[in-house]
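Q: sequence-free structure coming up:
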């Protein structure tokens with residue numbers, strides 16, 4: 001076992017002993033309180049049972065008895081509340097007061113997830129499950145956090161949509177620490193990661209309880225003024241697609257028109273309530289083949305690096321590039337859609353599918369993510385198993401494809417439907433348009449005034 005693992009085990013045991021002592025003290029206090037209340041309850045019950053009403057002062061005796069009965073009832077209720085509190089503390093496994101006394105440090109976590117079954121990353125999606133909700137369940141189960149998101153100073157780099165995956169999402173928040181010198185503050189690891197020695201192995205601990213399609217890839221101490229969202233220098237997305245009959249040369253030419261700072265309101269889902277500036281900067285846009293092929297087809301990828309992105313922006317850009325690749329649109333349509341003076345309203349078109357989109361990485365200055373050798377080995381084994389599992393699923397679909405190929409079908413009918421589809425295509429510039437930002441904003445302001 002290496003030195004890091006030994007330090008981690010020793011420090012974790014020490015921290016657990018401190019927590020255990022605090023819990024035992026709290027539980028003992030509650031038990032003593034219950035005994036005290038039960039003793040008072042017994043005395044009052046005895047007085048009540050020995051109370052005899054006299055003929056001459058029946059009214060006062062009745063009042064006295066009623067008062068004693070009420071007192072006994074209050075004591076019984078008090079005993080029940082204390083017992084319930086004791087049970088909750090024992091079942092929860094930790095006490096808030098004890099947790100607040102533990103050391104903590106501000107940490108960034110690098111997270112990967114396969115987004116197919118999730119309703120996006122952010123828990124505000126109002127649908128379950130989300131990646132964020134699963135991560136917080138794991139953080140709570142491992143007793144690494146206490147308090148709400150505001151108290152944890154929680155931030156996230158991106159809010160990926162439903163079905164979108166990531167291998168480089170980043171969040172930041174306060175986590176319990178083994179190192180007492182970081183209580184209430186934070187120190188960053190040096191070049192050799194010296195302040196990480198003896199720390200809780202956050203990657204190993206969390207990956208033991210996370211679902212199989214979510215994994216923590218690394219962690220890093222960060223300054224307390226760090227924000228996973230606003231400290232991010234750039235974000236890199238990848239969109240995978242099969243080349244098929246697409247004209248990738250035309251798509252590459254068109255993609256370069258996105259590079260630079262532009263108003264992308266015609267390439268996003270507009271959120272007039274929260275977004276007022278639709279200018280974004282695309283740093284680079286690349287297209288290249290991957291080392292993956294199927295039959296005679298080649299897998300390609302679009303790699304987009306930008307400082308920030310709008311809601312559905314990448315899927316909208318890719319959708320228009322696909323229309324260009326199919327020959328339905330000219331590369332010059334990008335220039336037209338980026339010119340909001342000539343095209344103030346977004347034409348209606350369907351976004352590209354969400355499954356092939358991946359948040360590749362979030363780039364920060366001076367942030368280096370760490371992963372212990374034990375956690376790295378376990379993570380590697382897990383990812384290999386998952387890759388093999390998905391290859392098995394792909395093989396099943398391939399078998400279905402082979403079975404379908406042997407089925408008789410009317411080839412002429414299929415060609416006729418294809419020609420009709422091509423003939424019915426409506427150019428983007430001729431399509432119905434969505435409301436402009438100004439129109440949406442005016443309608444929103446009117447609704448707000450009506451409520452007031």
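A: Yep, that arrived. Nothing here was measured: the structure is a model prediction, and the numbers come from that model.
Q: residue 346: neighbour count?
A: 23 (other C-beta atoms under 10 Å). All C-beta spots, glycine's among them, are computed from the backbone N, C-alpha and C.
Q: could you check how far it is from residue 203?
A: 42 Å (C-beta to C-beta, to the nearest Å).
Q: how far away is residue 355 from residue 220?
A: On the measure of C-beta to C-beta, residue 355 and residue 220 end up 30 Å apart.
Q: do residue 334 as well
A: 38 Å.
Q: and residue 378, helix, strand or coil?
A: For residue 378, the assignment made with DSSP: H, G, I helix; E, B strand; the rest coil gives helix.
Q: residues contacting it?
A: 204, 207 (C-beta atoms under 8 Å, 6 or more residues apart in numbering).
Q: and the end-to-end length of stretch 334-354?
A: Stretch 334-354 has its terminal residues 21 Å apart, counting by C-alpha to C-alpha, to the nearest Å.
Q: wait, I meant stretch 269-288
A: Using C-alpha to C-alpha, the end-to-end distance of stretch 269-288 comes to 27 Å.
Q: buried ones in it?
A: 270, 272, 278, 280, 282, 285, 287 (16 or more other C-beta atoms under 10 Å).
Q: check stretch 151-171 too.
A: 152, 154-161, 163-171.
Q: before we move on, what about stretch 202-220?
A: Buried, per 16+ other C-beta under 10 Å, within stretch 202-220: 202-207, 210-211, 213-220.
Q: for stretch 375-385, same thing?
A: Result for stretch 375-385 [16+ other C-beta under 10 Å]: buried residues 375, 378, 379.
Q: turn those into JSON lines, columns for distance to residue 178.
A: Below are those laid out as JSON lines (distance: C-beta to C-beta, whole Å):
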{"residue": "375", "distance to residue 178": "15"}
{"residue": "378", "distance to residue 178": "20"}
{"residue": "379", "distance to residue 178": "21"}
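Q: pipe these into a markdown table and attach pLDDT and distance to residue 243 per row.
A: Shown next, in a markdown table, are the buried residues of stretch 375-385 (pLDDT from 0 to 100; distance: C-beta to C-beta, whole Å):
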| residue | pLDDT | distance to residue 243 |
| --- | --- | --- |
| 375 | 92 | 38 |
| 378 | 94 | 36 |
| 379 | 93 | 32 |
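Q: and which of those residues is nearest residue 396?
A: Within the buried residues of stretch 375-385, the smallest distance to residue 396 is 26.6 Å, found for residue 379 (C-beta to C-beta).
Q: my guess is the closest one contacts residue 208. True?
A: No: assessed by C-beta atoms under 8 Å, residue 379 is found out of contact with residue 208, at 11.2 Å.
Q: quick one, grab the pLDDT at the most centrally placed residue in the chain.
A: Compute the mean C-alpha point of the chain, and by C-alpha atoms, centre = their mean the closest residue is residue 132, 2.9 Å away. pLDDT for residue 132: 96.
Q: sec struct for it, please.
A: Quick answer, by three-state DSSP: residue 132 is helix.
Q: do residue 167 as well
A: strand.
Q: look up the closest residue to residue 288, ignoring the ones flanking it.
A: residue 301 (6.5 Å; C-beta to C-beta, 6 or more residues apart in numbering).
Q: could you pull up the contacting residues of that neighbour?
A: Going by C-beta under 8 Å, 6+ apart, residue 301 touches 238, 239, 240, 241, 287, 288, 289, 290.
Q: where's it, which helix or strand?
A: strand 297-306 (DSSP states H and E).
Q: ok, longest strand in this protein?
A: Longest among the strand segments of the chain by residue count, using DSSP state E, is strand 279-294.
Q: so for it, mean pLDDT?
A: 95.
Q: sheet partners, orientation included, of that strand?
A: Strands that pair with strand 279-294, judged by DSSP bridges, come out as strand 260-263 (antiparallel), strand 297-306 (antiparallel).
Q: isn't residue 433 up against residue 348?
A: Yes: judged on C-beta under 8 Å, residue 433 makes contact with residue 348 at a distance of 6.8 Å.
Q: neighbour count: these two, which is higher?
A: Using other C-beta under 10 Å, the more surrounded residue of residue 433 and residue 348 is residue 433, with 14 against 11.
Q: ranges for the strands of this protein?
A: 104-113, 155-156, 165-176, 214-221, 234-242, 260-263, 279-294, 297-306, 357-363.
Q: tell me the buried residues in the fifth one?
A: By that I understand strand 234-242. Judged by neighbour count (16+ other C-beta under 10 Å), strand 234-242 contains these buried residues: 235, 236, 237, 238, 239, 241.
Q: out of these, what pair is the most spread apart?
A: Greatest spatial distance in these: 235 and 241, 19.8 Å, computed using C-beta to C-beta.
Q: run through the residues that contact residue 161.
A: Listed by C-beta under 8 Å, 6+ apart, the contact set of residue 161 reads 120, 311, 312, 315, 354, 357.
Q: what would those residues look like in CSV with neighbour count and pLDDT?
A: Listed next are those as CSV, based on neighbours: other C-beta atoms under 10 Å; pLDDT from 0 to 100:
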residue, neighbour count, pLDDT
120, 19, 93
311, 14, 92
312, 18, 95
315, 22, 97
354, 19, 95
357, 23, 96
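Q: from these, which single one is nearest residue 179?
A: Nearest member of those to residue 179, counting by C-beta to C-beta, is residue 120, at 34.5 Å.
Q: okay but the closest one is in contact with residue 130, surely?
A: Yes: the pair residue 120 and residue 130 qualifies as a contact (C-beta under 8 Å) at a distance of 5.8 Å.
Q: just to revisit the earlier point, and the residue nearest to residue 288, how far is that from residue 143?
A: From residue 301 across to residue 143, the span is 40 Å (C-beta to C-beta).
Q: what's the answer for residue 113, then?
A: On the measure of C-beta to C-beta, residue 113 and residue 143 end up 22 Å apart.
Q: between those two, which is the more surrounded one?
A: residue 113 (24 against 17).
Q: which one is that one nearest to, not counting chain neighbours?
A: Per C-beta to C-beta, 6+ apart, closest to residue 113 is residue 214, 4.5 Å.
Q: what sits against the one you found?
A: When contacts are counted by C-beta under 8 Å, 6+ apart, residue 214 is found next to 111, 112, 113, 114, 131, 134, 135.
Q: gap between it and residue 252?
A: Using C-beta to C-beta, residue 214 is found at 34 Å from residue 252.
Q: settle this for me: residue 246 is touching residue 325, isn't it.
A: Yes: when contacts are counted by C-beta under 8 Å, residue 246 is listed as touching residue 325 (3.6 Å).
Q: who has more neighbours out of the two?
A: Counted by other C-beta under 10 Å, residue 246 and residue 325 do not tie: residue 325 has more neighbours, with 23 against 17.
Q: tell me the spacing between that one and residue 228.
A: Residue 325 is 35 Å from residue 228, by C-beta to C-beta.
Q: what of residue 129?
A: 21 Å.
Q: look at those two and report which has more neighbours.
A: The neighbour comparison of residue 129 against residue 228 (other C-beta under 10 Å) goes to residue 228, with 22 against 16.
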